[in-house]
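J.: the following block contains a protein sequence and its predicted model.
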Amino acid sequence: SAQELFDSVLNRSLSYDAFARKVKQKQNPDGKDICTLYEAEVNAVDLGDDTTAIRIRLRGNRFLRQMVRVLVGTVMWDACKNPWVWTGIPELAGMDSNSLLTRLSETHNRTYTAPPAPPNGLALASVHYGIGCENDA
């Protein structure tokens, strides 16, 4: 499930350069591509009139350019139909979904990730700065 994919990378410092867009690959040799997701929540939301939306809430210490949209696109792509079998990426075909995001992070290859999710409905809820902000809600 989408929740399990996100849960597999929580509280782990990983390179997310494979999930960034419009940033030169390996542009951050000093570790500026290292991010930690502290919380991920995936819920179905009833919008009425037989319409359901998916709400994804992420909290981390930092995000790279388009990282959230690419993460969401990749997770939704995998949750809908394990695409790695038909994309011609043999290293990912048949991979346990729980290790997928970690493996994609290790590849540092953005061509293995899905296109960014559309920006429609994307909202920044809050930003916290300062020491200990990773523990703020």
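T.: Good, I have the coordinates.
J.: need phi/psi at the residue located most distally from the centre of the chain.
T.: Distance from the C-alpha centroid of the chain peaks at Asp49, with 29.6 Å (C-alpha atoms, centre = their mean). Backbone torsions for Asp49, taken as degrees, to the nearest 10, come to phi 50, psi 40.
J.: got the contact list for it?
T.: Counting by C-beta atoms under 8 Å, 6 or more residues apart in numbering, Asp49 makes contact with nothing. Placement of C-beta: from N, CA and C, glycine included.
J.: what sits up against the longest helix along the chain?
T.: For the chain, the longest helix by residue count, based on DSSP state H, is helix 67-81. Here helix 67-81 makes contact (C-beta under 8 Å, 6+ apart) with 1-2, 5-6, 16, 19-21, 35, 54, 56, 58, 83-84, 97, 100-101, 104, 110, 113-119, 122.
J.: may I have the predicted confidence score for the residue farthest from the centre of the chain?
T.: Per-residue confidence (pLDDT) for Asp49: 89.
J.: and Gly121, by the same measure?
T.: Confidence score, pLDDT, at Gly121: 78.
J.: this structure: strands as residue ranges?
T.: Secondary structure of the chain (DSSP state E): strands located at 13-15, 34-48, 51-60.
J.: who does the shortest one touch, helix- and strand-wise?
T.: In terms of contacts (3 or more C-beta pairs under 8 Å, 6 or more residues apart in numbering; DSSP states H and E), strand 13-15 is packed against strand 34-48, helix 100-107.
J.: C-alpha coordinates for the helix or strand of the chain with the lowest mean pLDDT, CSV please?
T.: None of the helices or strands of the chain scores lower by mean pLDDT, DSSP states H and E than helix 100-107, at a mean of 80. Output of helix 100-107 as CSV, limited to C-alpha atoms (Å, rounded to 0.1, in the frame of the first residue of the first chain):
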residue,chain,number,x,y,z
LEU,A,100,11.3,0.3,-3.3
LEU,A,101,11.8,3.9,-2.1
THR,A,102,15.1,3.0,-0.4
ARG,A,103,16.3,1.3,-3.5
LEU,A,104,15.3,4.2,-5.7
SER,A,105,17.1,6.5,-3.3
GLU,A,106,20.3,4.4,-3.6
THR,A,107,20.2,4.5,-7.4
